[in-house]
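Colleague: Would you be able to build a 3D model of this:
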Amino acid sequence: MGIFDKMFGRGASKAEEQPNAQARFDELKEKYRTALTVADQQHVQFQNLHVEDDKLLVRGIAPSADVVNKIWDQVKLVNPGLDDITLDLKVNESQAQTVSAGGGQSAGAGQQSGGQTYTVKSGDTLSKLSKQFYGDSNEYMRIFYANRDKLHDPDRIQVGQQLIIPPDDNA
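Modeller: Numbers count the residues shown, from 1 in each chain. Have a look, this model is predicted:
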C-alpha cells in the first residue's frame, strides 16, 4: 500500500461515508501528486489527507517556512485558482529553530516535541495505536509520519520498535 492510498486524519471516517468520496480523493491526490511528493520528500508530517467539502484537505507540519513555500509553489503550478484544495501547513518551531541555528538535522529531528515513546507489542498496528492514543484509527498516519526515520510502510511495524506518538492536538 502506498502512503497516499487511503484517506486519513480527523474527519476521514466521515469523508469516506460521502458518495463518491474515494473516487474524488483518488482524482485530487493524482492531480496534486507532485505537491504531495515534494511534501513527503521534505519530511512534512501529514496529519490529514482526505476530501472535505469536495476539496482535497492537506494538513501537516513542515520543518521550515521554506518547505511550506516550496509546497505552495507546487500547488500553484497545478492549480493557480486553488479552488479544489485546502492546504494547512504549520511550521514545526523546534525544527525551524534547529535549522536557523545552523545545526544539521536528521529526518526525525524535532519530531519528539511533546510526544511520547511507545514500544511496539505483538498484535499492534498503527491503526490500533491510533485508536488507543487518539480515539480514531484513521489518525495512524500521524504516527507513521512522526517515525519516517524508522518506518517505510505504514503496514509494517516490528515488535520492540520504539515509536514516537505525537501529542493529540485536538484533545
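
Colleague: Which elements pack onto the helix or strand hosting residue 69?
Modeller: Here residue 69, judged by DSSP states H and E, is contained in helix 65-78. Applying 3 or more CB pairs under 8 Å, 6 or more residues apart in numbering; DSSP states H and E, one finds that helix 65-78 contacts helix 33-41, strand 85-91. For every residue, glycine as well, the C-beta is placed using N, CA and C.

Colleague: Doesn't residue 117 belong to a helix?
Modeller: No - counting by DSSP: H, G, I helix; E, B strand; the rest coil, residue 117 is not part of a helix but strand.

Colleague: That one reaches residue 165, doesn't it?
Modeller: Yes - in this structure, residue 117 is within contact of residue 165 by CB atoms under 8 Å, at 7.4 Å.

Colleague: Can you pick out the residue with more neighbours from those two?
Modeller: The residue with more neighbours, out of residue 117 and residue 165, is residue 165; 19 against 9, by other CB atoms under 10 Å.

Colleague: How many residues are close by residue 60?
Modeller: When neighbours are defined as other CB under 10 Å, residue 60 has 25 of them.

Colleague: Residue 76 and residue 35: what is the separation?
Modeller: As judged by CB to CB, to the nearest Å, residue 76 and residue 35 stand 9 Å apart.

Colleague: Comparing these two, which residue is more hemmed in?
Modeller: The neighbour comparison of residue 76 against residue 35 (other CB under 10 Å) goes to residue 35, with 24 against 12.

Colleague: Name all residues that make contact with the nearest residue to that one once chain neighbours are set aside.
Modeller: Leaving aside its chain neighbours, residue 35 sits nearest to residue 74 (3.8 Å; criterion: CB to CB, 6 or more residues apart in numbering). Residue 74 makes contacts with 32, 34-35, 38, as judged by CB atoms under 8 Å, 6 or more residues apart in numbering.

Colleague: how does it look with 7 Å?
Modeller: 34-35, 38 (CB atoms under 7 Å, 6 or more residues apart in numbering).

Colleague: pLDDT and distance to residue 20 added to the residues you listed, as a markdown table?
Modeller: Formatted as a markdown table, those follow (pLDDT from 0 to 100; distance: CB to CB, whole Å):
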| residue | pLDDT | distance to residue 20 |
| --- | --- | --- |
| 34 | 95 | 24 |
| 35 | 96 | 23 |
| 38 | 95 | 27 |
